[in-house]
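> Build me a model:
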Amino acid sequence: MSWLEARGRVPGESFVTSLPDLSELPRFGLAEWSAWFVEAAARVMSASSDEGVAIFFQSDIRREGLWVDKGALVARAADRTGMGLLFHKIVCRRPAGTVTFGRASYAHLLGYARSLRPSLARTTPDVLPDAGFMPGAKSMGVKACLDACRFVERETATRTIVDPFCGWGTVLAVANGLGLDAVGVDLSARMCRRARGLRIAVAERDPVGEMAEPGERDDEEDEEDEHGRG
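Presented below is the predicted three-dimensional model:
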């Protein structure tokens, strides 16, 4: 958050990110985290360049028997910053029909812009049936990253992708795989090392990912890995 505020708006950049979950900020209660989340989303939007976009990948969570709609929280930030919604896609994190408990089997992929209005002739599907390879149980899937980064490449003049909450670094690796520059920030040195080692091959129809530290993937849906996104 401090990095975003100090850096300000840099021309030629678009943002693709996934904001930290409530479980990653244990000092906050639900109300405090919700306020922090809206503020963080607003800072990301404010930092995106005029010619760029801010794209968020967020999966809803259940707390005390009620669902927390992260898409609605991002929308509050958009109202605050005057950003317009370009697209709202649903990404299946688990196969359709899967029952989950603490975290939804889907995620929101939300794209916002200040002035950009993409061509309707290049509209892509509203539902991604497979998020793709995920280095961590709550990380952003490669296919979702690819959809977001290709939108930036196709529809904007920006050629740098910024993820200020980069976690596993999936967004960065996919952006690099497409030939885009990428800037990632994370509080955890361990996650930064993992992000530097992640390589994603995106030339083929179905992208394939590999990690520099094999065997460290967290496959437990409800286990909270350090700065895994969601």
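
> Which helix in the chain has the most residues?
In the chain, assigned by DSSP state H, the helix with the most residues is helix 30-47.

> Could you verify my assumption that residue 147 touches residue 107?
No: taking C-beta atoms under 8 Å as the definition, residue 147 is not a contact partner of residue 107, at 11.6 Å. (Glycine included, C-beta is placed from N, CA and C.)

> residues of the longest helix of the chain that come out buried?
Neighbour counts over helix 30-47 (16 or more other C-beta atoms under 10 Å) mark 33-34, 36-38, 40-47 as buried.

> And for stretch 116-132?
116, 118, 128, 131-132.

> Mind putting those residues into TSV with distance to residue 160 and pLDDT?
Shown next, in TSV, are the buried residues of stretch 116-132 (distance: C-beta to C-beta, whole Å; pLDDT from 0 to 100):
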residue	distance to residue 160	pLDDT
116	16	93
118	19	91
128	24	96
131	24	93
132	22	92
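
> Nearest to residue 21, out of these: which one, please.
residue 131 (16.2 Å; C-beta to C-beta).

> so where's this structure uncertain?
203-230 (pLDDT under 70).

> wouldn't residue 47 be in contact with residue 4 here?
Yes: counting by C-beta under 8 Å, residue 4 is a contact partner of residue 47 at 5.3 Å.

> Can you pull the residues that touch both of the two?
Taking C-beta atoms under 8 Å, 6 or more residues apart in numbering as the contact rule, residue 47 and residue 4 both touch residue 164.

> what's around residue 196, how many residues?
By the criterion of other C-beta atoms under 10 Å, residue 196 has 13 neighbours.

> Which element is encountered next along the chain beyond the strand or helix carrying it?
Using DSSP states H and E, residue 196 sits within helix 189-197. Toward the C-terminal end, the helix or strand that comes next after helix 189-197 (DSSP H and E) is strand 199-201.

> What residues sit buried inside that next one?
Applying 16+ other C-beta under 10 Å to strand 199-201 flags residue 200 as buried.

> chain center to the helix or strand containing residue 6: distance?
Using DSSP H and E, residue 6 maps to helix 2-7. Counting by C-alpha atoms, centre = their mean, to the nearest Å, helix 2-7 is centred 18 Å from the centre of its parent chain.

> Which neighbouring elements make contact with that helix?
Packing partners of helix 2-7 (3 or more C-beta pairs under 8 Å, 6 or more residues apart in numbering; DSSP states H and E): helix 30-47.

> contact partners of the helix it packs on?
1, 4-5, 7-10, 13, 15, 17, 19-20, 22, 25, 28, 54, 56, 63-64, 68, 70, 73-74, 76-78, 80-81, 83, 112, 162, 164-165.

> how close does the residue lying closest to residue 101 once chain neighbours are set aside sit to residue 26?
Nearest non-adjacent residue to residue 101, counting by C-beta to C-beta, 6 or more residues apart in numbering: residue 62, 6.8 Å away. Look at residue 62 and residue 26: by C-beta to C-beta, to the nearest Å, they are 17 Å apart.
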